[in-house]
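*Asks:* Fold the following.
(one chain, ligands or ions: 1)
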Amino acid sequence: MKSLTQANGEGLERTQAIGLMKAEGAQLLELMHAAAELREGAKGRVVTYSRKVFIPLTTYCRDDCGYCTFKRDPGQPGAGYLSPGEVLEIARRGREQGCKEALFSLGDKPELRFPEAAAALGRLGHRTTAGYLAEMCRLVLDETGLLPHPNPGTLSRKEIGALRQASGSMGVMLENLSPRMQHPGMPHEHAPDKKPGARLANLRFAGEMRFPFTTGLLIGIGETVEERVDTLCKIREIHRRYGHIQEVIIQNFRAKPGIPMADTPDATLTDLLRTIAVARLVLGGDMNIQAPPNLSPEAYPMLLLAGINDWGGISPVTPDHINPEAPWPQIEELARRCAEVGYTLRERLTVYPEYITQKEGFVPAALQAPVARLADSEGYARASSLPA
Ligand code: SF4
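*Replies:* Numbering: from 1, shown residues only. Have a look, this model is predicted:
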């Protein structure tokens, strides 16, 4: 297994990765050891998080993913858009609590399906959700200094370009790239925006713009291990070309009441650990690999030992709107539990340190002053910095 960590930067090849996705018992422990060793060679024993506030810009969405708890159709409680005043009020509360990231979560193109959404956008002065999002990112950046990180779903090149001018980074989860996910009975059957080609195009557009990018997998939604590895390999291929994928999230499916997949079993911890470890070996020691701590509260040390180096955004202010049943850990508690197994928790910005201090061209002119106000000399969040 040691040879896995000596893959001279090439990363694990597909067939080997597929085999390791089935590792159990002693082989799984060896796999995790190899992944942790690779991570430590590149990143030491530092694990990061971003102090963020969560802004659910709109709960309308034209898609219906089988695992979604976030979206609301017109007429349902909580359906609609936040007004600019509401957006700013949440961002300011976050700023008071020391947050430095404004994570915009939202449904995809609801105006194309619901007249109510199109009318609400019209009242806000926009024809598209993407246009309103770009305006709100700019507003939050200008008024609070928090760095926006939008998660908008699929956009055009022009729409991503508009976000680029007012956001530190952006994200589009791939979940899984297999076209099978859109077949009848599968989680993306009724989700036109989860077409693999469209999502990959977004990764490429962002790469051409040198836009620091977050993507990732949702595991346990009916995919095979081969499909999981193929998705990881595609991320690697795109990152090798553009160098802009700053983090890859490995998220485990958890069933919740009221969703179409309520009866689907949760992804197991074993499956999560081997996917994290294989992702580390496929993507290499330098990639930032993240697992959300609130979805596996009993397993913090195991996730670290499987090769993650980041916990993602943690909010001291707002609940996780995507997984509302799973509370965020206290940051102090997370730091204590990392220290127990020999890791130091450090706060980062929504732009990872190396994209600020080492890689050229990933912080555009419009973002340089806001990022400089928040970052220390290593590119991490300044200990006592609050946005100006
Ligand atoms: S695209 Fe996102 S918000 Fe829309 S249904 Fe799917 S998971 Fe929910």
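
*Asks:* distance of the nearest residue to residue 83 once chain neighbours are set aside from residue 134?
*Replies:* Leaving aside its sequence neighbours, residue 83 sits nearest to residue 124 (C-beta to C-beta, 6 or more residues apart in numbering; 7.4 Å). Bear in mind the C-beta positions are built from the backbone N, C-alpha and C, glycine included. According to C-beta to C-beta, to the nearest Å, residue 124 and residue 134 sit 12 Å apart.

*Asks:* if we can go back for a sec, quick one: the residue nearest to residue 83 from residue 26, how far?
*Replies:* Counting by C-beta to C-beta, the gap from residue 124 to residue 26 is 58 Å.

*Asks:* and the longest strand for this protein?
*Replies:* In the chain, taking DSSP state E as the definition, the longest strand is strand 46-58.

*Asks:* Get me the contact residues on the stretch 51-200 of the chain for the ligand.
*Replies:* Residues of the stretch 51-200 of the chain found near the ligand (C-beta under 6 Å from any ligand atom) are 61, 63, 64, 65, 68, 70, 71, 107, 108, 153, 191, 193.

*Asks:* And the nearest residue to the second one once chain neighbours are set aside, what's its pLDDT?
*Replies:* Excluding its sequence neighbours, the residue lying closest to residue 63 (C-beta to C-beta, 6+ apart) is residue 191, at 3.8 Å. As predicted, residue 191 sits at a pLDDT of 97.

*Asks:* Also the one 4 residues further on?
*Replies:* pLDDT, the model's per-residue confidence, is 96 for residue 195.

*Asks:* so it makes contact with residue 182?
*Replies:* Yes: counting by C-beta atoms under 8 Å, residue 195 touches residue 182, with 7.1 Å between them.

*Asks:* I'd assumed residue 178 was in contact with residue 231.
*Replies:* Yes: counting by C-beta under 8 Å, residue 231 does reach residue 178; the two are 7.5 Å apart.

*Asks:* More neighbours: which of the two?
*Replies:* Counted by other C-beta atoms under 10 Å, residue 231 and residue 178 do not tie: residue 231 has more neighbours, with 24 against 19.

*Asks:* Over to the more buried one. Which of the three states is it?
*Replies:* Following DSSP: H, G, I helix; E, B strand; the rest coil, residue 231 is assigned to helix.

*Asks:* On the pLDDT front, check the nearest residue to it once chain neighbours are set aside for me.
*Replies:* Spatial nearest neighbour of residue 231, excluding adjacent residues (C-beta to C-beta, 6+ apart): residue 177 at 4.6 Å. Note for residue 177: predicted pLDDT of 97.

*Asks:* Packing partners of the helix or strand of the chain with the lowest mean pLDDT?
*Replies:* For the chain, counting by mean pLDDT, DSSP states H and E, helix 331-340 ranks last in confidence among helices and strands (a mean of 87). Judged by 3 or more C-beta pairs under 8 Å, 6 or more residues apart in numbering; DSSP states H and E, the packing partners of helix 331-340 are strand 46-58, helix 300-305, strand 310-314, strand 344-348.

*Asks:* Save the residues of the stretch 51-200 of the chain next to the ligand as CSV, and put in neighbour count, distance to residue 381 and secondary structure too.
*Replies:* What follows is those, written out as CSV (neighbours: other C-beta atoms under 10 Å; distance: C-beta to C-beta, whole Å; DSSP: H, G, I helix; E, B strand; the rest coil):
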residue, neighbour count, distance to residue 381, secondary structure
61, 24, 31, coil
63, 19, 34, coil
64, 16, 37, strand
65, 24, 32, coil
68, 17, 31, coil
70, 18, 27, coil
71, 20, 32, coil
107, 26, 30, coil
108, 23, 30, coil
153, 23, 28, coil
191, 21, 35, coil
193, 20, 32, helix
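
*Asks:* would you list the residues you listed in CSV and tack on distance to residue 129?
*Replies:* Formatted as CSV, these follow (distance: C-beta to C-beta, whole Å):
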residue, distance to residue 129
61, 9
63, 12
64, 17
65, 17
68, 16
70, 14
71, 13
107, 8
108, 8
153, 9
191, 16
193, 11
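
*Asks:* from these, which single one is nearest residue 52?
*Replies:* residue 70 (16.3 Å; C-beta to C-beta).

*Asks:* Tell me how far the closest one lies from residue 304.
*Replies:* Residue 70 is 28 Å from residue 304, by C-beta to C-beta.

*Asks:* Helices of the stretch 101-250 of the chain, start to end?
*Replies:* Assigned helices in the stretch 101-250 of the chain, in chain order: 115-123, 129-144, 157-164, 196-208, 225-242 (criterion: DSSP state H, counting those that start in this stretch).

*Asks:* Quickly compare those and say which is most buried.
*Replies:* Compared across the helices of the stretch 101-250 of the chain, helix 129-144 shows the largest average neighbour count, a mean of 22 (mean count of other C-beta atoms under 10 Å).

*Asks:* what about that helix, distance to the chain center?
*Replies:* 19 Å (C-alpha atoms, centre = their mean, to the nearest Å).

*Asks:* which helices and strands sit right next to that helix?
*Replies:* Against helix 129-144 (3+ C-beta pairs under 8 Å, 6+ apart) you get strand 46-58, helix 84-96, strand 101-106, helix 115-123, strand 147-151, helix 157-164.

*Asks:* one more time with 10 Å, if that's ok
*Replies:* Using 3 or more C-beta pairs under 10 Å, 6 or more residues apart in numbering; DSSP states H and E as the contact test, the elements touching helix 129-144 are strand 46-58, helix 84-96, strand 101-106, helix 115-123, strand 147-151, helix 157-164, helix 365-374.
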